[in-house]
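# need coordinates for the below:
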Amino acid sequence: MSRIAAREMHRFEASGRNFVYLVPSAAIFALDETAGAILDCLGDRAILPDAVARDLAPRFPEAQVRESLEELHRVRAIGPARIALPVVPPKTPPPQPFPLTTLVLNVTNQCNLSCTYCYEYGEDKLVDTQKGPQPKFMTEETARASVDFMLKESGENKIAHLTFFGGETLMNFPVLKSTIPYARARAAELGKEVDFSLTTNATLLRPEIIDLLMANDVGVTISMDGPKDVQDRFRVFPNGEGSYDLVLPRIKELLGRRHRRPVGARVTLTSGGDVKRIFRHLTEDVGFHEVGFAPVTTAPQRDHAIGETGFDAMLAQFRDLAAEFRDYALAGRPHAFSNVKDTLAEIHKGVAKAYPCGAGLGLMGVATDGEVALCHRFAGSGEHSLGTVRDGVDREKQAAFLEANHIAEKTDCHRCWARPLCSGGCYHEAQTRYGTTTHPNLHYCEWIRGWTHTCLEIYGELSEKRPAFLAQFDDGGQA
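All right, here's what the predicted structure looks like:
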């Protein structure tokens, strides 16, 4: 008989019950009293099953302990002590060609705003959009070649997702206007569909554009940072004038239409940001259906960078808003804090990532000249190119990137229990902070662990009190 030990896990409580998040499998199990006592008994030790039964004999019948041991072994919460830890996803290459799910077209690398923190135009930019070799605007020909590339690379997928991006996307509205019908027609010829979305700063929204977006069911995300004083701090025109007064009536006009899809706000959170105040303004005063927050991507020495204490303050505010999300969900009411919903969806699906996102795999970006990049944030950066829409993907270069960026190569992450959902963090953030995509986002670690723990607690409570809410994350499910 061999010794047994607890496998890698993270324990948490919710709704008066103990739960365990099993790291290698990203599975969640509720623990009864016997199972919890067994894990407490094991701790960090490697002991014989007979010893566990003997230690717990005063509290639980031996047969009950044995049965619980078998169940814990079956779900891989415990196992032979000789198995080495940690267990990271095996470094096996994804099947090639891997089907493309989402293509992001940078239809322009120009913007009519001059946001201080912008990763494309600020001090941390990777691409020179003013004097670089790429054209400032994508042509209709390149956009159509991009659509053909997307449909070919989507493989057997019946739906391809096409996102229009910038710069300021609507500065090249003519290309959007011509590309949407072309993509629909080409997809129909192949028995496929195209789902459209775009991101905009809303400065150029006008009735003609809103009509086209509504007619084509285009998902819209608007970059907006909050109330006037917050918005006008960084999101300014080249002359320093704030953008709030211009964009607010245009956003209100868009939100006043009937939508099949939620219109979301994407907030860039900078040092000292008041999360709850921003959220209340964007939902209650402006009327956004969803609000998502993203910490600013910038070098640590910038004034707007979020420092260590800033991440602690941000986490506390996120937790307060997450608790409100939980209460709304339990009451069967919608809540607009999309950061919670997105994380709950990954937890429910048992996501265990070998890579932090689909960049360079199921997601790619296209620069204005048709160069294919890891994602939209790297569009135009020759160092991070994977080919062109006309010549296809350079499979050797893609394979080399995936080899170098696998979680197995990030030894800093190997003992982190949150790695199934993080896998080291954003490539672009790593490039900006550390000068290479392969470096894990170590400045994020405590924030990621704290946020993941909070969402696990919410997931556990919903699973106990309102499991129907979680059904929306099943394929075809509804809340």
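
# from residue 243, how far out is residue 204?
11 Å (C-beta to C-beta, to the nearest Å). All C-beta atoms are positioned from the backbone trio N, CA, C, and that covers glycine.

# neighbour count for the two, which is higher?
Remark: of residue 204 and residue 243, residue 243 carries more neighbours, 24 against 16, as counted by other C-beta atoms under 10 Å.

# list the contacts of that one.
Counting by C-beta atoms under 8 Å, 6 or more residues apart in numbering, residue 243 touches 113, 201, 203, 231-232, 235-237.

# buried subset of those residues?
Among the contacts of residue 243, those classed as buried by 16 or more other C-beta atoms under 10 Å are 113, 201, 203, 231-232, 235-236.

# residue 56: which of these is nearest?
residue 231 (59.1 Å; C-beta to C-beta).

# so which helix or strand takes in the closest one?
Using DSSP states H and E, residue 231 maps to helix 228-234.

# repeat that for residue 324.
Assigning secondary structure by DSSP H and E places residue 324 in helix 308-330.

# just the buried positions in that helix, please.
Residues of helix 308-330 classed as buried: 310-311, 313-315, 317-319, 321-322, 325-326, 328-329 (neighbour count, 16+ other C-beta under 10 Å).

# same deal with stretch 202-218?
202-205, 209-210, 213, 218.

# and these, which two are furthest apart?
203 and 218 (17.5 Å).

# does residue 39 belong to a helix, a strand or coil?
The three-state assignment at residue 39 reads helix, by DSSP: H, G, I helix; E, B strand; the rest coil.

# residue contacts, it?
Neighbour list for residue 39: 6, 9, 11, 20, 31, 72, 77-78 [criterion: C-beta under 8 Å, 6+ apart].

# cutoff 10 Å now
Listed by C-beta atoms under 10 Å, 6 or more residues apart in numbering, the contact partners of residue 39 are 6, 9, 11, 18, 20, 31, 68, 72, 77-78.

# which stretch of helix or strand covers residue 71?
Going by DSSP H and E, residue 71 is part of helix 62-74.

# now swap in residue 265 and tell me
Using DSSP H and E, residue 265 falls in strand 264-269.

# now residue 198
Per DSSP H and E: strand 193-200 holds residue 198.

# which is the next helix or strand following that strand?
helix 207-215.

# let me know the angle separating that next one from strand 193-200.
In terms of direction (axes from the mean of the first three to the mean of the last three C-alpha atoms, to 10 degrees), helix 207-215 departs from strand 193-200 by 140 degrees.

# just checking: what are the partner strands of the helix or strand following helix 207-215?
Later in the chain than helix 207-215, the nearest helix or strand by DSSP H and E is strand 219-223. Strand partners for strand 219-223, identified by DSSP bridges, are recorded as strand 193-200 (parallel), strand 264-269 (parallel).

# can you give the distance of the next helix or strand after the shortest one from its chain's centre?
Moving toward the C-terminus from strand 264-269, the next helix or strand (DSSP H and E) is helix 275-280. The chain centroid and the centroid of helix 275-280 are separated by 20 Å, computed with C-alpha atoms, centre = their mean, to the nearest Å.

# so how far is the helix or strand following helix 275-280 from its chain's centroid?
Going down the chain from helix 275-280, the next helix or strand is strand 290-295, by DSSP H and E. Computed by C-alpha atoms, centre = their mean, the chain-centroid distance of strand 290-295 equals 11 Å.

# which elements pack onto strand 290-295?
The contact analysis (3 or more C-beta pairs under 10 Å, 6 or more residues apart in numbering; DSSP states H and E) places strand 290-295 against strand 219-223, strand 264-269, helix 275-280, helix 308-330, helix 338-348.

# format the strands paired with strand 219-223 as CSV; extra columns: distance to residue 342.
Listed next are the strands paired with strand 219-223 as CSV, based on distance: least, C-beta to C-beta, whole Å:
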stretch, distance to residue 342
strand 193-200, 15
strand 264-269, 11
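
# quick one on the thing from earlier: give the buried residues for the helix holding residue 231.
Neighbour counts over helix 228-234 (16+ other C-beta under 10 Å) mark 230-234 as buried.

# who are the packing partners of that helix?
helix 244-255, strand 264-269, helix 275-280.

# which residues are contacting it?
For helix 228-234, the surrounding residues in contact (C-beta under 10 Å, 6+ apart) are 113-118, 122, 223-226, 240-245, 247-248, 267-270, 272-274, 277-278, 281, 296, 304.

# that older thread, quick one: mean pLDDT over the strand holding residue 198.
Average pLDDT, strand 193-200: 98.

# quick one, it and helix 244-255 angle?
160 degrees.

# may I see the buried residues of strand 193-200?
Going by neighbour count (16+ other C-beta under 10 Å), the buried part of strand 193-200 is 194-200.

# wait, what's in contact with residue 157?
Neighbours of residue 157 in contact, by C-beta under 10 Å, 6+ apart: 99-101, 151, 192-193, 362.

# so which pair among the residues you listed is furthest apart in space?
It's 193 and 362 that sit farthest apart of the contacts of residue 157, by C-beta to C-beta, at 16.9 Å.

# picking up where we left off before, which one of the helices and strands packed on strand 290-295 lies nearest to residue 83?
helix 338-348 (24.8 Å).

# ok and the closest one relative to helix 308-330, angle-wise?
Relative orientation of helix 338-348 versus helix 308-330 (the same axes, to 10 degrees): 70 degrees.

# which strands and helices sit next to helix 338-348?
Helix 338-348 packs on strand 264-269, strand 290-295, helix 308-330, helix 419-422, helix 445-465, helix 467-470, going by 3+ C-beta pairs under 10 Å, 6+ apart.

# buried residues, the helix or strand containing residue 163. List them.
Using DSSP H and E, residue 163 maps to strand 159-165. For strand 159-165, a neighbour-count test (16+ other C-beta under 10 Å) marks 160-165 as buried.

# is it true that residue 471 touches residue 348?
Yes: between residue 471 and residue 348 there is a contact at 9.2 Å, judged by C-beta atoms under 10 Å.

# more neighbours: which of the two?
For the pair residue 471 and residue 348, the greater number of neighbours falls to residue 348 (19 against 13), based on other C-beta under 10 Å.

# please name the nearest non-neighbouring residue to that one.
Leaving out its chain neighbours, the residue that sits closest to residue 348 by C-beta to C-beta, 6 or more residues apart in numbering is residue 473, at 4.1 Å.

# residue 100 now?
Spatially, and ignoring its direct neighbours in sequence, residue 100 is nearest to residue 153 (3.8 Å; C-beta to C-beta, 6+ apart).

# my read: the one you found touches residue 192, true?
No: the pair formed by residue 153 and residue 192 falls short of the contact definition of C-beta under 10 Å, at 11.9 Å.

# and for these two, which residues touch both?
With C-beta under 10 Å, 6+ apart as the test, residue 153 and residue 192 both reach residue 160.

# looking at those two, which has the bigger crowd around it?
residue 153 (21 against 18).

# contact partners for that one?
Neighbouring residues of residue 153 by C-beta under 10 Å, 6+ apart: 97-101, 103, 160, 362, 364, 372, 389, 392-393.

# now those: which count as buried?
Neighbour-count burial (16+ other C-beta under 10 Å) is assigned, among these, to 98, 100-101, 103, 160, 362, 364, 372, 389, 393.

# from those residues, which is closest to residue 412?
Of the buried ones among the contacts of residue 153, the one sitting nearest to residue 412 (C-beta to C-beta) turns out to be residue 362, at 25.0 Å.

# burial count for the spatially closest residue to residue 90 that is not a sequence neighbour?
Leaving aside its sequence neighbours, residue 90 sits nearest to residue 408 (C-beta to C-beta, 6+ apart; 7.7 Å). Residues lying near residue 408 (other C-beta under 10 Å) number 15.
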